[in-house]
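J.: Fold the following and give me the result.
(chains A, B and C)
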Amino acid sequence: MEENIEEITINPESSDKSIIDSVVDKIRSWSRINSPWAIHYNSGSCNGCDIELLTLVTPRYDVERLGIKLQGSPRHADVLIVTGAVTFQSKDRLIRIYNQMPEPKFVIALGSCGISGGVFHDCYCVEGGVADVIPVDVFVPGCPPRPEAMINGVATLLAKIKAGNSKKESSGPTIFAMPEIPVEPAETTSANEPSQKTSLEPSSVSEENQNTSKGENQ
Amino acid sequence: MTDNLIDSNKSQKYIVPIGPQHPALKEPGHFEFTVEGEIVVDASIRLGYVHRGVEKAAESRTWTQVLYLVERVCGICSHAHGTAFIQNAEALAGIEIPPRAKVIRAIAGEIERLHSHLLWLGVAAHEGGFDAMFMYSWRDREIVMDILENFFGNRVNYSVNIPGGVKEDITPEFAEQLRIKLDFLEKRLKHYLDVVNDDVTFRARTVNIGTLGKEEMTRLGATGPTARSAGITRDIRVDRPYSGFDIYPINMILDDHGDLNARFVVRLKECFESIRYIRDVLEKIPEGELSVKFPRKIPAGESMSSVEAPRGELFYFVRSNGTENPDRVKVRTASLCNWGTIVSAVAKGHKLADMPMILAGIDPCFSCNDRMVNIVGKEKNAQLWTWEQLRKYGINYHAMQEGFNVSDCGIEQLREEK
Amino acid sequence: MTDIMNYLKEAESYLSDISEKVVYPENQTNRIDVYVAPQDIKRAVKALYDHHFGYLITISAYDTTSDDGKPQIGLVYHFGEGPTICSIRTFLPHDHRIVDTICDIIGSATVYERECRELFGIEIVGTPDKSKLLLPEDWPDGVYPMLKSFTGLTDAGKWQKESK
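T.: Below is the predicted model of the structure:
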């Protein structure tokens, strides 16, 4: 585990902090990578992703042995796992939960609906994918994704955190209002936003997102 | 914290809103209980968090597209939704699907029922603080998921139906594999039935809780296992037999206690009946085609029919106007009418501590209802609880009654929150 | 088959003095459609309820046009009994979407009535709960998404929603 600490890159901002601070940061970051706590929110999903996510904590897959814990309070969570297309009614709540989470926070959007709205993309009560409301770090495609894919999604996120390219501390206020996000394909959107986004399958995701944009323009 | 909350407010009425974000049900749900002391005197629901507008979206999609859309109304009972919709469409188009396709639909429906009931068993046990049962039943549920995946190619939203028939055939090899897995599952289910019937602590949490008589259940229009647990003979597979069940009938499982324990027993016994049915039908599955041609445009008309989903009667009302798109698709899910039963009649008069189990007892499915509940929280005495807090309060309350202190045992980290 | 016919005849006889038109649909032999006037809905439901005929499956509404081309809302009360489905049906003109509640007869109808109110703008006189069931709190007033005229929230509607 020692060498893990060594590998972690330090946020450039913290370089002028005292040595103690930077050591604390290292330890914090190390522990975060080794045991991410996740909170799950269903923003309008069909339950498919939700039951598959719950499968993760049961004996066949059991992600708790890998240090990943699902728990209930946003205040304790590092990772927000969102399933489903975002409906108008749950949009505010999703933003509230996101804002309640302590920094740094990461978001995983699960399933086709989380990516673009999926089959529900042009329904009247659907805002779109999760990325239309809050910044997303990792997309996991599938309807629903297999549990293995979800574990891979978390692993991808951890690799990103470790590489230090998913830091959001410098992104300022984390209140995201809808009108500020331009209706554009995801690749362009992510470049404009302070946060960085990635996906497991960039090509398919960008396609899906283009569909969403069309749906919204109608 | 939870103890103080109740003790200090014994005399006055106040509202406990719960949810919508909570970890146990894996779905957003918000309930509001008005309590006097610790007795619930009123309960209400606000749905809509998962309302996506599927019924409207169906009007702008073709018949085939709608099939895949309605399967995603609910990921747990997706086959029931697909079957209910497509059998309406087939009735409108005036086509009869081949008997083999009918039987495969029935088998898929029963496999889905196994998976849904095992899922429910785990979740309901979890609400009662019985996490070991949750883990065991979900482990065994993986066997059903394996069957679904081997058979239909996906674990959830498996799309067995296509317009005019089914997608996949049941091969002899698959049937053999299925029998072996069902044998194992039956053994495990016997064990769970023993637990439900004999375990003292489990019975203490379920017997005579949430009881509703036959009369009242009938009046409120409860369906599915919830109704059958009170002795109401209401099972769409028997009453209005649809695909497959008209060829090979299935038996109805009844219980006459009408309490929470009866709901466990009925669901578990239904699992046995499903296993028996699948075994029997695999022996005599008719030979023939899997599908017939389905027209692009369907003549104008109306059709209504139901399917016995794991949670109860799933009703579809479909209108066609002679074009490629349906004119109206109306969905009435089982959770909705059972919700009315439980909340309006059962919850009142029970302790707040019993609420998680009672709610879990109807197997509520929010996405099925396209609905969810939200926080009002403007009332003077309103205090927000999460579902988790309510669950822990429930477990702790009953442990105290029995003279245990659960937090000392380290089973539940009761003081974890705040 | 005779069994099904008996059920259907039974339902027809209970509603004989209220019904305007009785239809036995050809594509589904286990159904009966009884058309009544909008003001008679409550009487019809009470007649079935008093005779213990079936249980209320749901209340459906749909947007349609009458034979002479006027837009109207079709309202269907589905009752299930044994193998049969009996539907009490009526039509409400678009400019007069009012019907009596049946919640005082069948209490669990409240969720279905709330749904019809919200999605079709049908005013249900005397329904106990008029709060929103499905749509978001900030959904613009007077916009009923299940009507055929609704094709998605316009920019104006969205603006109204966000400015609230």
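
J.: Could you use CA atoms for every contact and neighbour count after this?
T.: OK.

J.: What's the first helix or strand after the helix or strand hosting B:Val66?
T.: Secondary structure from DSSP states H and E places B:Val66 in helix B:63-71. Next in sequence after helix B:63-71, counting helices and strands by DSSP H and E, comes helix B:78-93.

J.: Please point out which parts of the helix or strand that that following helix is followed by sit buried.
T.: Downstream of helix B:78-93, the next assigned helix or strand under DSSP H and E is helix B:99-127. Buried residues in helix B:99-127, counted by 16 or more other C-alpha atoms under 10 Å in any protein chain shown: B:99-127.

J.: Check the most centrally placed residue in chain B and give its pLDDT.
T.: The residue lying closest to the centre of chain B (C-alpha atoms, centre = their mean) is B:Arg311, at 3.7 Å. As predicted, B:Arg311 sits at a pLDDT of 85.

J.: So it sits against B:Gly224, correct?
T.: Yes: using C-alpha atoms under 8 Å, B:Arg311 is in contact with B:Gly224, at 5.5 Å.

J.: Low-confidence ranges, chain C, go.
T.: Applying pLDDT under 70 to chain C flags residues C:1, C:152-164.

J.: should've said the stretch 101-250 of chain B
T.: For the stretch 101-250 of chain B, no range has pLDDT under 70.

J.: Could you tell me which residues of it lie near chain A?
T.: Proximity of the stretch 101-250 of chain B to chain A is confined to B:135-136, B:138-139, B:142, B:155-157 under the rule C-alpha under 8 Å from any C-alpha of the partner chain.

J.: make it 7 Å
T.: By C-alpha under 7 Å from any C-alpha of the partner chain, the residues of the stretch 101-250 of chain B that approach chain A are B:135, B:138-139, B:156.

J.: For chain A, what's the nearest residue on chain C?
T.: Chain C approaches chain A most closely through C:Pro136 (4.7 Å), counting by C-alpha to the nearest C-alpha.

J.: Can you report how many residues lie near that residue?
T.: C:Pro136 has 20 neighbours, counted by other C-alpha atoms under 10 Å in any protein chain shown.

J.: just B:Ile209 next, same as before
T.: That count, for B:Ile209 with other C-alpha under 10 Å as the rule, works out to 22.

J.: Grab the nearest non-local neighbour of B:Ile107.
T.: The shortest distance from B:Ile107 to any non-neighbouring residue, by C-alpha to C-alpha, 6 or more residues apart in numbering or on different chains, is to B:Ile278 (5.9 Å).

J.: How are the strands of the stretch 151-300 of chain B distributed by residue range?
T.: Per DSSP state E, counting those that start in this stretch, the stretch 151-300 of chain B carries strands over the ranges B:161-162, B:165-166.

J.: Centroid-nearest residue for chain C?
T.: Central residue of chain C (C-alpha atoms, centre = their mean): C:Leu75, at 3.3 Å.

J.: any idea how far the closest residue to that one other than its chain neighbours lies from A:Ile51?
T.: Leaving aside its sequence neighbours, C:Leu75 sits nearest to C:Ala61 (C-alpha to C-alpha, 6+ apart; 4.5 Å). Using C-alpha to C-alpha, to the nearest Å, we find C:Ala61 at a distance of 32 Å from A:Ile51.

J.: Just the element for the residue nearest to C:Leu75, please.
T.: Assigned by DSSP H and E, C:Ala61 belongs to strand C:55-65.

J.: same deal with C:Val111?
T.: helix C:110-120.

J.: Distance from that helix to the middle of the chain?
T.: Put simply, helix C:110-120 sits 9 Å off its chain's centre (C-alpha atoms, centre = their mean, to the nearest Å).

J.: Can you dump the C-alpha atoms of it in PDB for me?
T.: Output of helix C:110-120 as PDB, limited to C-alpha atoms (Å, rounded to 0.1, in the frame of the first residue of the first chain):
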ATOM      1  CA  THR C 110     -59.100   8.300  -5.800                       C
ATOM      2  CA  VAL C 111     -55.700   7.600  -7.400                       C
ATOM      3  CA  TYR C 112     -57.400   6.900 -10.800                       C
ATOM      4  CA  GLU C 113     -59.500  10.100 -10.500                       C
ATOM      5  CA  ARG C 114     -56.400  12.100  -9.600                       C
ATOM      6  CA  GLU C 115     -54.700  10.700 -12.700                       C
ATOM      7  CA  CYS C 116     -57.600  11.700 -15.000                       C
ATOM      8  CA  ARG C 117     -57.700  15.200 -13.500                       C
ATOM      9  CA  GLU C 118     -54.100  15.700 -14.000                       C
ATOM     10  CA  LEU C 119     -53.400  14.200 -17.400                       C
ATOM     11  CA  PHE C 120     -56.700  15.100 -19.100                       C
END
